[in-house]
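Undergrad: sharing a model prediction with you, sequence too.
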Amino acid sequence: MLTLRRTLPGMVMIIVSLVILYQSLLIQGTEQLNPAGGGFLPGIIAIVLIICGIVTLINDLKKQVVEKTDEQKEQAFSKSDYFLIFSYFIFIVFYVLSLSFLPFLISTTLFLIISIFLLKGIKWYTNVIVSIVTVTIIYFLFSQLFNIVFP
């Protein structure tokens, strides 16, 4: 059980990377080795993630099981930490799905406000101001400078 818990992050990273690589190979009308093609960058990212997953898996398997001191036990993740990570992952999935029916500016601003609140816990008015300014800068930078159309 301890070995599975230790190697799970590496295995998940490899599996997700293989899915991304497979999807990048399915992009129609592009050559995979052409940097201007639509599947090139996702393919490169997937390969880098696969390599990182393999390195993580190897490092986790090499670790010796040692007795944890009280200080190490305090530094380890608790169940609430795992719950926060899992719930944030689900929140990211909802954000991606919300882009299909909400405008980019609204969904991304809400995403940033909730993310900063969950992860940092700063004052609400600072949170709202930082989120709105960040999304506005990103929007104008990419839409005006790079001529990218947002969903």
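TA: Nice, thanks for sending it over.

Undergrad: can I see the domain layout of the chain?
TA: Annotated domains of the chain cover 1-65, 73-151 [automatic domain parsing].

Undergrad: redo those domains as TSV? Include mean pLDDT.
TA: TSV is the format used below for the domains of the chain (pLDDT from 0 to 100):
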stretch	mean pLDDT
domain 1-65	77
domain 73-151	82
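
Undergrad: TSV for those, including mean neighbour count?
TA: (Each C-beta comes from the backbone N, C-alpha and C, glycine too.) Below are the domains of the chain laid out as TSV (neighbours: other C-beta atoms under 10 Å):
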stretch	mean neighbour count
domain 1-65	13
domain 73-151	12
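
Undergrad: for this protein, what spans make up the strands?
TA: With strands called from DSSP state E, the chain shows none.

Undergrad: next one: residue 98 from residue 83, what distance?
TA: In this view, residue 98 and residue 83 are 22 Å apart by C-beta to C-beta, to the nearest Å.

Undergrad: sorry, slip of the keys, the one I care about is residue 7.
TA: Taken as C-beta to C-beta, the span from residue 7 to residue 83 is 21 Å.

Undergrad: now residue 129
TA: Taking C-beta to C-beta as the measure, residue 129 falls 29 Å from residue 83.

Undergrad: repeat for residue 104
TA: Taking C-beta to C-beta, one finds residue 104 at 29 Å from residue 83.

Undergrad: then residue 94?
TA: In this view, residue 94 and residue 83 are 16 Å apart by C-beta to C-beta.

Undergrad: ok, the spatially closest residue to residue 61 that is not a sequence neighbour - contacts?
TA: Sequence neighbours aside, residue 7 is the residue nearest to residue 61 in space, at 6.4 Å (criterion: C-beta to C-beta, 6 or more residues apart in numbering). Residue 7 sits next to 57, 60, 61 when contact means C-beta atoms under 8 Å, 6 or more residues apart in numbering.

Undergrad: and what of residue 78?
TA: The contact partners of residue 78, by C-beta under 8 Å, 6+ apart, come to none.
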